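> Task: produce atomic coordinates for the following.
(4 chains)
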There are 2 protein chains.
Amino acid sequence: MIHKLDMFIAVAKEGHFGRAAESLGITQPTLSTGIKQLEEMLGVQLIFRGSRYGGLTPEGQRALVWARRLVGDARTFREEMRVSRHGLSGHLRLAVIPTALTWAAKLSARCAVRHPKIRFTILSRTSVEILKMLDNLEIDAGLSYLDNEPLGRVTTTPLYTERYTLVCHSDNPLALQSEVTWADLSGETLCLLTPDMQNRRIINQCFMEADVTPDALVEANSTVVLAALVEQGGWVTVLPSDSARFLASGKRLSIVPITGGHVEHTVGLVAPYREPHTPVLDALLSEAVRLAAA
Amino acid sequence: MIHKLDMFIAVAKEGHFGRAAESLGITQPTLSTGIKQLEEMLGVQLIFRGSRYGGLTPEGQRALVWARRLVGDARTFREEMRVSRHGLSGHLRLAVIPTALTWAAKLSARCAVRHPKIRFTILSRTSVEILKMLDNLEIDAGLSYLDNEPLGRVTTTPLYTERYTLVCHSDNPLALQSEVTWADLSGETLCLLTPDMQNRRIINQCFMEADVTPDALVEANSTVVLAALVEQGGWVTVLPSDSARFLASGKRLSIVPITGGHVEHTVGLVAPYREPHTPVLDALLSEAVRLAAA
DNA sequence: AAAGATCAATCGAAATCTTCTATTGAAGTG
DNA sequence: CACTTCAATAGAAGATTTCGATTGATCTTT
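Sure thing, here's the model as predicted:
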């Protein structure tokens, strides 16, 4: 049953029997018959298909919610049993928005000190992708914005609040100012994150509120690109203070706080809503709480 | 996996491999290997045993919680899929404290009118048994006291509040009074529910608070016995007003309200804490809400 | 419109897993 | 010390799962 549900989740995720089978390490006929048996067992059609994948039926949509829950619970269960004999060890998969990567490093480092047997995988992803990966059980937790955009059924642990700063070359006249406004940036040659990043959308809104139309000549999905570009001279970018500090250190880059109307955006840990969590995830969550308090 | 967990739940419930196997309709060796495979799959020992059942290990205790949850969710899932093709039909198993049996009848009758394809099984049980049966997935919901004694992880829907009344033969001098106190009953020949019933414990406490030691010469676990006994003459009993009214009607029995210090005890529907519920259970719950409002 | 590519279903054989009956072996009982 | 109870084990029968090969349908390209 659990295994069949796993197949179903894979097909729903990939939208393609062949790829889904590959992702599970089984052959396509096996998966086809698996789905068919699941449909027979439940007595409902889950997937529209006439010689090719045609999306989920309404029952399929509903079944997907249950499938994710059952498979997720089963994994958590197995994980808990595994930990009870091997001690707190295992694999923790995180997806993180680019501007929170330094915090991901901080968090995982502290967690690793306390629990040396836990392995980490940290991926840079957009906030939307993070939620999707949480749904599909591809990651155990994410680091993303807690406010602003709709989260699904998740538990959240606030970590810090983003404050935006200008990052420019030390030669730039703006570097001498103790602070700048969003309007001050109107003439500058901007490089920013791509618009699929929530951070960029937030920054866009800040510019809009200051009646400035930002003109980002270079867009990238990595803050490293932005910092490197700024270092070359001529370019400026906007980054949250922590990212900015990290990327600017040791280079001829200056950081200037940006003042003026912008909402505060909280970044924190996002984990599936499931009670109880896996012991490893629990360890991460409590480390996040400690880190937030510090 | 789910099937193995089912076996595990059965063994934990019965405390005996043979009986557990019988209750599942499989043979004992099948169950033995099933448990063994489950233990191997999880990598932990679940059950102490050296040629006979020796209780659950600590990991087994923990695993039992997960097993109940997974099996329960899987059933709810299947139920929901079944309903999506057969309409709101199915089987609803209720366990009810004896004094709430009339309400169980009322509730199921109203529910049956609205959803003619639902079948009901209603069992008279003690409140403790009801909670245990909910845990073991033997019933879908219970009708029991919502306050007073510790409930597990359940959702509750209040239905009514018990008010205690004296039930006596119409020839009894007490029948002429408009009300009686607990102390007034000290000389009477009492018959009451057995002490394993929470109702009896509540009544005992009422007597104690009135400094009366009740002397129940006949104890029974059915209100029918009590009413029949009172009808024979000489005996009196104490019942919640609804039960009393129902049992006394058409017989030479009188009902006298009992006044004086007693706490109010709320009776209502008790269902497993699981979101979402089965569609059939949802139907029952909303019917209960309507009935409570009426 | 024909040829080719893509994709999921189907078929049949091999492998794996499950369940059964019969038996064993261990621990408790009179 | 025989007797009973209980769970584990062994071995065979049966069911299920999986896979490679193929088919048949649909979509794309020429």
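
> List the contacts of the nearest residue to A:Leu88 once chain neighbours are set aside.
Distance criterion Cβ to Cβ, 6 or more residues apart in numbering or on different chains; nearest residue to A:Leu88, sequence neighbours excluded, is A:His115 at 4.9 Å. In this view, the C-beta of every residue, glycine as well, is placed from N, C-alpha and C. A:His115 is in contact with A:Leu88, A:Ser89, A:Val280, A:Ala283, counting by Cβ atoms under 8 Å, 6 or more residues apart in numbering or on different chains.

> what about the strands in chain A?
Taking DSSP state E as the test, the strands found in chain A are A:47-49, A:53-56, A:90-96, A:118-124, A:141-145, A:154-162, A:164-169, A:180-181, A:189-193, A:216-220, A:235-240, A:253-259, A:265-272.

> now the angle between strand A:235-240 and the last one, please.
It stands for strand A:265-272. Interaxial angle of strand A:265-272 relative to strand A:235-240 (axes from the mean of the first three to the mean of the last three Cα atoms, to 10 degrees): 60 degrees.

> Would you mark the buried spots in strand A:265-272?
Residues of strand A:265-272 classed as buried: A:His265, A:Val267, A:Gly268, A:Leu269, A:Val270, A:Ala271, A:Pro272 (neighbour count, 16 or more other Cβ atoms under 10 Å in any protein chain shown).

> Next, see if it gets close to chain B.
No. If you take Cβ under 8 Å from any Cβ of the partner chain as the test, strand A:265-272 misses chain B, and the best it gets is 14.4 Å.

> now the stretch 1-150 of chain A, which segments are flagged as low pLDDT?
Within the stretch 1-150 of chain A, the stretches with pLDDT under 70 are A:148-150.

> okay, how far is it across stretch A:250-267, tip to tip?
Counting by Cα to Cα, to the nearest Å, you get 26 Å between the two ends of stretch A:250-267.

> May I see the buried residues of that stretch?
Buried, per 16+ other Cβ under 10 Å, within stretch A:250-267: A:Leu253, A:Ser254, A:Ile255, A:Val256, A:Ile258, A:His262, A:His265, A:Val267.

> Surely the fourth one and A:Thr165 touch.
Spelled out, that is A:Val256. Yes. Counting by Cβ atoms under 8 Å, A:Thr165 is a contact partner of A:Val256 at 6.3 Å.

> Surely A:Asp282 and A:Pro276 touch.
Yes. Using Cβ under 8 Å, A:Asp282 makes contact with A:Pro276 at a distance of 7.3 Å.

> neighbouring contacts of stretch A:271-290?
With Cβ under 8 Å, 6+ apart, stretch A:271-290 has contacts from A:69, A:72-73, A:75-76, A:79-80, A:83, A:88-92, A:107, A:110-111, A:114-115, A:118, A:134, A:137, A:140-142, A:153-157, A:159, A:268-269.

> which of the residues you listed count as buried?
By 16+ other Cβ under 10 Å, the contacts of stretch A:271-290 give A:69, A:72-73, A:75-76, A:79-80, A:83, A:90, A:92, A:107, A:110-111, A:115, A:118, A:134, A:137, A:140-142, A:154-157, A:159, A:268-269 as buried.

> show me where chain A has helices.
Listed in chain order, the helices of chain A (DSSP state H) span A:2-14, A:17-24, A:28-42, A:58-86, A:101-114, A:127-135, A:198-209, A:223-232, A:241-248, A:279-293.

> Ok, which of the ones you listed comes nearest B:Thr30?
Of all the helices of chain A, the one in closest proximity to B:Thr30, counting by Cβ to Cβ, is helix A:2-14 (19.7 Å).

> just to revisit the earlier point, and the buried residues of stretch A:250-267, which is closest to DNA strand C?
A:Val267 (37.8 Å; Cβ to the nearest atom of the strand).

> Where does the record place the domain boundaries for chain A?
Domain ranges of chain A: A:2-80, A:87-161+A:266-293, A:164-263, per automatic domain parsing.

> For the first one, measure first residue to last.
The reference is to domain A:2-80. For domain A:2-80, the first-to-last residue distance is 17 Å (Cα to Cα).

> and what of the last one?
End-to-end span of domain A:164-263 (Cα to Cα): 10 Å.

> Return the distance of that domain from the chain's centre.
Distance of domain A:164-263 from its chain centroid, counting by Cα atoms, centre = their mean, to the nearest Å, is 22 Å.

> what mean pLDDT does that domain have?
For domain A:164-263, the mean pLDDT works out to 89.

> Please give me every residue in contact with A:Arg75.
A:Leu137, A:Thr278.

> Kindly report the same for the one 5 residues further on.
Contacts for A:Glu80 (Cβ under 8 Å, 6+ apart) come out as A:Pro276, A:Thr278, A:Pro279, B:Arg62, B:Trp66.

> just checking, the fourth one touches A:Ser84?
Spelled out, that is B:Arg62. Yes. If you go by Cβ under 8 Å, B:Arg62 and A:Ser84 touch, sitting 7.3 Å apart.

> Spell out which parts of the stretch 51-200 of chain A neighbour DNA strand D.
Within reach of DNA strand D by Cβ under 7 Å from any atom of the strand, the stretch 51-200 of chain A has these residues: A:Ser51, A:Arg52.

> Spell out which residues of the stretch 51-200 of chain A are next to DNA strand C.
Checking the stretch 51-200 of chain A against DNA strand C by Cβ under 7 Å from any atom of the strand, the hits are A:Ser51, A:Arg52, A:Tyr53.

> So what's the residue count around A:Ala228?
Other residues lying near A:Ala228 total 15 when counted by other Cβ atoms under 10 Å in any protein chain shown.

> what do you get for A:Tyr53?
18.

> what's the answer for A:Ile35, then?
Using other Cβ under 10 Å: A:Ile35 sits among 21 other residues.

> Contact partners for it?
A:Ile35 neighbours (Cβ under 8 Å, 6+ apart): A:Lys4, A:Met7, A:Phe8, A:Val11, A:Phe17, A:Leu46, A:Ile47.

> what sits against the third one?
A:Phe8 makes contact with A:Ile35, A:Leu38, A:Leu46, A:Gly60, A:Ala63, A:Leu64, A:Ala67 under the criterion Cβ under 8 Å, 6+ apart.

> neighbours around A:Lys4, how many?
For A:Lys4, the neighbour count with other Cβ under 10 Å is 20.

> which residue sits closest to it, ignoring its sequence neighbours?
A:Leu38 (4.3 Å).

> Contact partners for that neighbour?
A:Lys4, A:Leu5, A:Met7, A:Phe8, A:Leu46.

> So it versus A:Val96, what's the distance?
In this structure, A:Leu38 and A:Val96 are 34 Å apart, going by Cβ to Cβ, to the nearest Å.

> Leaving out sequence neighbours, find the closest residue to A:Ser32.
Distances taken as Cβ to Cβ, 6+ apart put A:Phe17 closest to A:Ser32, at 6.1 Å, once the chain neighbours are dropped.

> my guess is that neighbour meets A:Val11, correct?
Yes. With contact defined as Cβ under 8 Å, A:Phe17 reaches A:Val11; the gap is 6.2 Å.

> Using CSV, lay out the helices of chain A together with distance to B:Ile122.
Formatted as CSV, these follow (distance: least, Cβ to Cβ, whole Å):
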stretch, distance to B:Ile122
helix A:2-14, 33
helix A:17-24, 45
helix A:28-42, 29
helix A:58-86, 28
helix A:101-114, 52
helix A:127-135, 40
helix A:198-209, 54
helix A:223-232, 64
helix A:241-248, 62
helix A:279-293, 42
